[in-house]
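>>> What would the 3D arrangement of this be:
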Amino acid sequence: MTDPIRDLLRAYRDGAVDEDEVLRKVIQKPYEDHLLGRFDHLREARTGVPEVILAEGKDPIAVAEIFLDYQRQNRQLIATRVTPQILSALQDQIDDLHHFETARVLTTQPAPDPEPYRSTVLVVSAGALDRPVAEEAAVTCRLFGNPTERLYDVGVAGIARLITEFSRLDDAGIVIVCAGMDGALPSVIGGLIHQPLIAVPTSVGYGSNLGGIAPLLTMLNACSPGTAVMNIDNGFGAAALATKINQLAQRAATSSLSRAGETDE
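From the prediction side, this is the model:
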């Protein structure tokens, strides 16, 4: 992802902006006013994860306006839970945008190349109906600069499908598991791997699934220790957590290389 602070400092170094502009953007007004509200353009520099629009429930015209603004500036903007109404409002510009239909994600730019020294995030889904949530996690992971792979339809109802994929689980650095119905898959996988596991309950299931509450409670009560649990259908949140875990490893790796270079000198 583009770091606006670094971009601003480079512009100042190159003489493209003056000192007052740097102070204004960093201290006096570290946000942008849009029809949707105030956009925190320093969030990525501060937290490692940029501000992203949760498009569902928002005015389609307002969402379309900010997409056009970011498109004109050649800047990345990401929206999740994109509705047909928002796509309709952007129909004249949609060919110039990047729409991930199953994930319901829309961006102004494609995913960047994966960041160096980050581990692969493996996104796993239990069943076919869990795929939209899994895709939200997978697409967001890639947009945040993580190498990302998918392993779908390996739920506990056909556990043999998972057994043949042990090597892929073992090769991953972080595993995100999306499951509805009884939500048992994260417990199974958590008992097989040493990597961080992020569980995402989905709202897929019959009546007593209670819109995802049943798998949420299963995951919160997982026998496998060390399982992080997201809110129901929150693939985006899982991607954000995976990114922060990867950033820690990335900083450790670059710091180690830096120290090794100093020793060699």
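>>> Let me see the domain layout of the chain.
4-107, 121-248 (automatic domain parsing).
>>> Regarding A11, which helix or strand does it belong to?
A11 is part of helix 4-13 when elements are defined by DSSP states H and E.
>>> I meant Q85, not that one.
helix 84-89.
>>> Skip ahead from that helix and say which helix or strand is next.
Note on helix 84-89: by DSSP H and E, the next helix or strand toward the C-terminus is strand 98-100.
>>> Would you mark the buried spots in that next one?
98, 100 (16 or more other CB atoms under 10 Å). The C-beta positions use only the backbone N, C-alpha and C, and glycine is treated the same way.
>>> Parallel or antiparallel, which strands does whatever helix or strand comes next after that strand pair with?
Next helix or strand after strand 98-100 toward the C-terminus (DSSP H and E): strand 105-107. Paired strands of strand 105-107, with direction, are strand 78-80 (antiparallel), strand 98-100 (antiparallel) (DSSP bridges).
>>> ok so, going back, for the helix holding Q85, packing partners?
Judged by 3 or more CB pairs under 8 Å, 6 or more residues apart in numbering; DSSP states H and E, the packing partners of helix 84-89 are helix 60-72.
>>> Tell me what the closest residue to I53 other than its chain neighbours is bridged to.
Once flanking residues are discounted, I53 sits nearest to A79: 4.0 Å by CB to CB, 6 or more residues apart in numbering. For A79, the beta-bridge partners are I53, L106 (DSSP bridges).
>>> on that earlier part again, and D113, which of the domains of the chain is closest to it?
Closest approach to D113 among these (CB to CB): domain 121-248, 7.9 Å.
>>> Tell me how far the closest one lies from the chain's centre.
Here domain 121-248 is found 13 Å from its chain centre; the criterion is CA atoms, centre = their mean, to the nearest Å.
>>> Then stretch 96-105?
Remark: stretch 96-105 is offset 14 Å from the chain centroid, using CA atoms, centre = their mean.
>>> So what would you say the end-to-end distance of it is?
End-to-end distance of stretch 96-105 (CA to CA, to the nearest Å): 14 Å.
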